[in-house]
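[1] generate a structure from the sequence data that follows.
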Amino acid sequence: MIKMKTALSFLLAALLVLGLAGCGRDAGEGDSSLAQEPQELEYPVSIGDQTIAQAPQSVVSLSAALTELCYDMGYGDRLAGVSDYCDWPEQAQALDQMGTAQQPDLDAIRAAGPDVVITHTALAEDDLIALQQADIPVVVVLSRARLPEDLKDLYVNLGRLMEGEQAGSEAGKSFYNEQMGRVESIRETVDAYVRGGGKQLSAVYLRMLDFTVATGDTFEGAILEAIGLENEAGAYGNWTYPLDFLDQYDPDVIFCNTDITIPMLEQNDNYKGLSATIQDLVYSYDFTAFERQGKRMFNILEDMAQKAYPEAFAGAAQSGSSSAAE
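    Residues are numbered from 1 along each chain as shown. Predicted coordinates:
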């Protein structure tokens, strides 16, 4: 009987000690493990042949397109250096230039000590090895999209790198949906205008004189169609309008790069007789925005559509005002 009481006493004492130990633990410890769980779910992230263990806080971009996208998606404050060609937005011009993907300034990159270098194109093997020896990973984010729907993968990959697997994917998808929503809104306005009796216009995206234009196999040609314009060169390929069909070349609107002006077209034998040239329906834009495929490109698309279909968008604005008044 005494032995049994003694055993019970030991058992109760042991339970009391364990209970006190549990109560003595800081309540924040349990919360801390929960707080770390999202980070553990987000990283590591694999992009191409690189695995990133944690969110990079210091990034060198050797791609003008990725630099622009970093600012568009809210990651601009993490950039420690950029390529020699990074001229947009204005904040990027104040950052240290560190060469290009073809000729990176290895000394400058090593001195900056970034968590990661991002680029659209692969570095030369010697440059890659030099950065690996400095323990600086190089991530080749997806190259520019070939079709508008491919933009999602580009945005998602950049988001995954910067924010992690789940949060970054959602950020990339959200950015994609927001920008493509603008395109869909443009198309709806144009389609409503055409259904109401307006004329659907043909357009050409003129990159270089005389006939380097966005054909049907290009991203630029596809995005032109996406905003409700008939691509004058849509039936052709390789950025070339065939000379055999010049008698059919007469777009309603000409969109051209900033180095092409109306006086140039008025003096060009192939353009001076076109209706768009005669009626001054020629609009110039910085086409680097289409190469970089960020928010600036979508701003230009909205302006293109408004310039081509002023009545459609004036009508849409009046309709919106009437709805708001009601």
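[2] give me the low-pLDDT residue ranges for this protein?
    In the predicted model of the chain, residues 1-39, 317-326 satisfy pLDDT under 70.
[3] quick check: longest strand of it.
    Criterion DSSP state E: the longest strand present in the chain is strand 202-208.
[4] just checking: what are the partner strands of the following helix or strand past it?
    Later in the chain than strand 202-208, the nearest helix or strand by DSSP states H and E is strand 212-213. Strand 212-213 has its sheet partners listed here by DSSP bridges as strand 202-208 (antiparallel).
[5] now the partner strand - C-alpha only, CSV.
    Below are the C-alpha coordinates for strand 202-208, written out as CSV (Å, rounded to 0.1, in the frame of the first residue of the first chain):
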residue,chain,number,x,y,z
SER,A,202,-7.0,48.6,-90.3
ALA,A,203,-3.7,49.6,-88.9
VAL,A,204,0.0,48.9,-89.3
TYR,A,205,2.7,48.8,-86.7
LEU,A,206,5.6,50.3,-88.5
ARG,A,207,8.9,49.7,-86.8
MET,A,208,11.3,50.7,-89.6
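[6] contacts for it, please.
    212-214, 220-221, 224, 229-233, 239, 241, 249, 251-257, 260, 287, 304, 308 (C-beta atoms under 8 Å, 6 or more residues apart in numbering). (Each C-beta comes from the backbone N, C-alpha and C, glycine too.)
[7] in strands, which of those fall?
    Judged by DSSP E, strands contain the following of these: 212-213, 230-231, 253-257.
[8] and the buried ones among those, selectable in PyMOL?
    To isolate the buried subset of the ones in strands among the contacts of strand 202-208 in PyMOL, counting by 16 or more other C-beta atoms under 10 Å, use the following:
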select buried, resi 212+213+231+253+254+255+256+257
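[9] give me the distance between the longest strand of the chain and the centre of its chain.
    23 Å (C-alpha atoms, centre = their mean, to the nearest Å).
[10] including distance to residue 97, could the ones in strands among the contacts of strand 202-208 go into TSV?
    Below are the ones in strands among the contacts of strand 202-208 laid out as TSV (distance: C-beta to C-beta, whole Å):
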residue	distance to residue 97
212	30
213	33
230	42
231	37
253	37
254	35
255	31
256	29
257	24
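[11] just the buried residues of stretch 205-219, please?
    Going by neighbour count (16+ other C-beta under 10 Å), the buried part of stretch 205-219 is 205-207, 211-215, 218-219.
[12] residue 186: which of those is nearest?
    The nearest member of those to residue 186, counting by C-beta to C-beta, is residue 205 at 15.6 Å.
[13] who does the closest one bridge with?
    Beta-bridge pairing of residue 205 under DSSP bridges involves residue 255.
[14] from residue 128, how far out is it?
    Distance, residue 205 to residue 128, using C-beta to C-beta, to the nearest Å: 36 Å.
[15] would you say residue 276 is within a helix?
    Yes: per DSSP: H, G, I helix; E, B strand; the rest coil, residue 276 lies within a helix segment.
[16] and the nearest residue to it once chain neighbours are set aside, how far from residue 247?
    Distances taken as C-beta to C-beta, 6 or more residues apart in numbering put residue 254 closest to residue 276, at 4.5 Å, once the chain neighbours are dropped. According to C-beta to C-beta, residue 254 and residue 247 sit 17 Å apart.
[17] what's the answer for residue 237, then?
    Distance, residue 237 to residue 247, using C-beta to C-beta: 20 Å.
[18] which of those two has more neighbours?
    Between residue 237 and residue 247, counted using other C-beta atoms under 10 Å, residue 237 has the larger neighbour count: 13 against 6.
[19] now the more buried one: which helix or strand?
    Using DSSP H and E, residue 237 sits within no helix or strand.
[20] would you mind measuring from it to residue 221?
    In this view, residue 237 and residue 221 are 9 Å apart by C-beta to C-beta.
[21] again with residue 70
    Here the criterion is C-beta to C-beta. By it, residue 70 lies 27 Å from residue 221.
[22] more crowded one of the two?
    residue 70 (25 against 22).
[23] quick one, what contacts that one?
    59, 61, 76, 78-79, 158, 162.
[24] now, which of these lie within strands?
    59, 61, 79.
[25] how many neighbouring residues does the first one have?
    For residue 59, the tally of surrounding residues (other C-beta under 10 Å) stands at 25.
[26] enumerate every residue touching the closest residue to it other than its chain neighbours.
    Leaving aside its sequence neighbours, residue 59 sits nearest to residue 78 (C-beta to C-beta, 6+ apart; 4.9 Å). Listed by C-beta under 8 Å, 6+ apart, the contact partners of residue 78 are 56-59, 70, 162.
[27] quick one: which of these is nearest residue 316?
    residue 70 (32.9 Å).
[28] the closest one: which element?
    With DSSP H and E as criterion, residue 70 is part of helix 64-72.
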